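Chemist: Let me see the structure of the following:
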Amino acid sequence: MSLFVVRHQHSPEHCPATDKQMAPILLTHLSRENAKQFGVTIQSEAVIDGAHTLYLIVDALDKDNVHRYMEPFARAGSVEVLPASRCETVVERGVC
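Modeler: Residues are numbered from 1 along each chain as shown. Predicted structure coming up:
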């Protein structure tokens, strides 16, 4: 498994939280149980208040799995999947 940081951002006009039909669907999609169906394990998630930006820290076999999982969010805005490392790994290899 590899570690990834996912950043999703959308405009205020396309905020899924304001859509009474879409919001519950996206919450269900974001569930840890659903993520497993895509080969993704969610470690943490947070939305930056007022910035329309969601961050996820996930483990997955590869970047493609994460992109497939984030497809519904890509329809509402941008999705960036960044390879990442745990702090211990960075210290072990001696470079970020």
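
Chemist: Where does pLDDT dip in the protein?
Modeler: Scanning the chain for pLDDT under 70 picks out no residues.

Chemist: where do the helices sit along it?
Modeler: Residue ranges of the helices in the chain, as given by DSSP state H, are 22-29, 32-36, 63-69, 71-74, 87-93.

Chemist: for those helices, which one ends up most surrounded?
Modeler: Per residue and on average, the most neighbours among the helices of the chain fall to helix 63-69, with a mean of 18 (mean count of other C-beta atoms under 10 Å). (Glycine included, C-beta is placed from N, CA and C.)

Chemist: could I get it in CSV with only the CA atoms?
Modeler: Taking Å, rounded to 0.1, in the frame of the first residue of the first chain, the C-alpha atoms of helix 63-69 are listed here in CSV:
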residue,chain,number,x,y,z
LYS,A,63,-2.8,6.3,-7.8
ASP,A,64,-5.3,5.0,-10.3
ASN,A,65,-7.4,3.4,-7.6
VAL,A,66,-7.6,6.8,-5.8
HIS,A,67,-8.6,8.6,-9.0
ARG,A,68,-11.4,6.0,-9.6
TYR,A,69,-12.6,6.5,-6.1
